[in-house]
Structure formats: structure tokens, C-alpha cells
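# Just need the structure, nothing else, for what follows:
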Amino acid sequence: MHLNSHFFKRNTVLVAQDLLGKFLVRKIGKNKLSGMIVETEAYVGPHDLACHASKGKTDRTKVMFEPAGTWYVYMIYGMYYCLNIVTEAKNYPSAVLIRALEPTNLIEFMVKNRNLVPSSQLSVPSRKKLSTDHWALITLSDGPGKLCRALRIDKKLNCTSAVSKDAKLYIEDRGVKISKAKIVKSKRIGVAYAGSWKDRKLRFYIKGNQFVSQV
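I've put the predicted structure just below:
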């Protein structure tokens with residue numbers, strides 16, 4: 001089921017947790033690349049000093065003031081894109097960063113997009129003893145920049161809708177249920193500048209999932 005705006009028009013922290021186990025789908029021509037969301041971060045509004053909108057409405061952040069279910073795509077380090085979905089009420093700037101995916105469909109296209117060596121096996125017991133091919137696959141989309149490259153996500157998708165019928169990037173509910181006991185809460189990554197907000201546990205990931213980013 002294609003998630004609609006009502007799913008995203010809720011408390012950002014709840015959305016960030018409920019996105020775990022949902023599937024990000026990227027349509028490229030007739031192909032649909034997809035992966036299960038295994039890690040997210042919540043950015044909860046203008047009072048959150050780690051949120052881009054804490055500095056007000058700018059050309060960069062104006063997309064965060066759009067209706068819930070709008071994509072916010074930005075670049076970091078001049079080379080990596082990060083994918084966020086706008087949440088809560090219109091004009092209340094909050095969003096969820098999608099940090100990592102477990103690849104599920106058309107993985108060979110994702111491997112090609114990342115210029116990696118393909119592997120015939122997806123399920124491996126741990127990261128500790130992996131061949132080069134397995135390591136390439138396990139790290140295919142275990143980070144915000146990596147997943148954007150794997151799914152060919154860039155600024156062209158910024159400020160587009162995730163909930164419209166003709167969306168080229170959207171999220172599906174395929175019936176996977178993640179129990180609260182399986183959700184780990186921790187500090188967000190790379191927000192040391194955010195004062196007391198740097199210590200808020202607003203990063204969420206599936207316990208034991210090998211595709212969660214290693215930081």
C-alpha cells in the first residue's frame with residue numbers, strides 16, 4: 001500500500017519509528033528499485049537546533065514548510081545527497097531523514113548505480129568475515145548518501161510529492177511489522193553543533209539488522 005499524506009501528517013518522532021519496516025520505492029522508467037527502511041532520524045521543528053529550519057525559512061529550507069509527504073533532498077560535502085520526508089502540519093518545518101535501507105528489489109541496478117562489484121548472495125551472518133563482494137553488497141545502502149546513489153536520488157526530486165499517484169519516489173507498507181522491542185533509540189549522527197539537542201535520542205534503527213549504518 002502506497003503511504004498517503006495522513007501517515008506523514010503526524011508527530012515526527014512517531015513517523016520516524018513507524019517508517020522502519022516500510023519500503024522506499026524508486027521508479028526509473030519501467031523499473032522499480034526498492035529497499036526496506038531500517039534506520040531513520042527525526043528532526044522535530046524550528047526549536048530543534050539540529051534541524052535545518054532552526055535558522056528560519058530560506059531557499060534551502062522552504063521545502064520543509066510544504067505539506068506532509070513532500071520530499072526534501074539536499075547535498076552535503078558537495079557530493080552526497082540526503083533524503084528526507086516532510087512531516088506534521090504545513091508550515092511547521094519538520095522531517096525524517098532516511099538513513100539506511102535493506103535492498104530488496106532490482107539490487108543489480110543499485111549495484112551498478114554505486115559502481116560496485118555484484119554479488120550473488122544477500123544474506124550473510126555478520127559483517128566480521130565478509131568477502132569483498134559480500135561487503136560491497138552489505139554496504140550498498142547503509143547510509144544516507146549511499147542509498148541516494150543506489151536509487152539515483154538527487155535534487156530533481158526535491159519538493160516533489162511522495163504521496164501523489166504518479167510519484168517517482170514513494171513509500172509502501174508491505175505488511176512488515178517492527179515491534180517496539182526491536183527499535184533501538186540513539187543520538188543522531190553529525191549534529192555536535194546542536195547544543196543540548198545533540199544528545200536527544202532521535203535516531204531509530206532495527207536491532208540486529210546488518211544494513212544499519214556503521215558509525
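
# so where does the spatially most central residue of the chain fall, helix or strand?
The residue lying closest to the centre of the chain (C-alpha atoms, centre = their mean) is residue 98, at 1.4 Å. Per DSSP states H and E, residue 98 falls inside strand 95-105.

# what distance separates that strand from the middle of the whole chain?
4 Å (C-alpha atoms, centre = their mean, to the nearest Å).

# State the paired neighbours of it in the sheet, together with their directions.
strand 31-43 (antiparallel), strand 80-86 (antiparallel) (DSSP bridges).

# Now do the residue nearest to the centre of the chain against residue 29, distance only.
22 Å (C-beta to C-beta, to the nearest Å). Where you see a C-beta, it was placed from the backbone N, CA and C, and this is true even at glycine.

# Kindly report the same for residue 5.
26 Å.

# Pick out whichever of those two has more residues nearby.
Of the pair residue 5 and residue 29, residue 5 is the one with more neighbours under other C-beta atoms under 10 Å, namely 15 against 6.

# confidence score at that one?
We have a pLDDT of 97 for residue 5.

# What are the boundaries of the helices in the chain?
5-8, 12-18, 107-114, 132-138, 144-150 (DSSP state H).

# would a markdown table of these with distance to residue 68 be doable?
Below are the helices of the chain laid out as a markdown table (distance: least, C-beta to C-beta, whole Å):
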| stretch | distance to residue 68 |
| --- | --- |
| helix 5-8 | 4 |
| helix 12-18 | 8 |
| helix 107-114 | 27 |
| helix 132-138 | 33 |
| helix 144-150 | 20 |
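
# Would you mind telling me which of those helices is nearest residue 209?
helix 132-138 (10.8 Å; C-beta to C-beta).

# buried residues in stretch 153-172?
Residues of stretch 153-172 classed as buried: 153, 157-158, 160-163, 167-171 (neighbour count, 16 or more other C-beta atoms under 10 Å).

# same check, this time on stretch 89-97
92-97.

# With stretch 72-87 instead?
With burial defined by 16+ other C-beta under 10 Å, the residues of stretch 72-87 counted as buried are 72-74, 81-87.

# End to end on it, go ahead and measure it.
Using C-alpha to C-alpha, to the nearest Å, the end-to-end distance of stretch 72-87 comes to 10 Å.

# same deal with stretch 88-95?
8 Å.

# swap in stretch 206-213?
Using C-alpha to C-alpha, one end of stretch 206-213 lies 11 Å from the other.

# and what of stretch 177-185?
17 Å.

# List the buried residues for it?
178, 183-184.

# Closest to residue 143 out of these?
residue 184 (16.6 Å).

# can you pull the contacts of that closest one?
Residues near residue 184 by C-beta atoms under 8 Å, 6 or more residues apart in numbering: 204-207.
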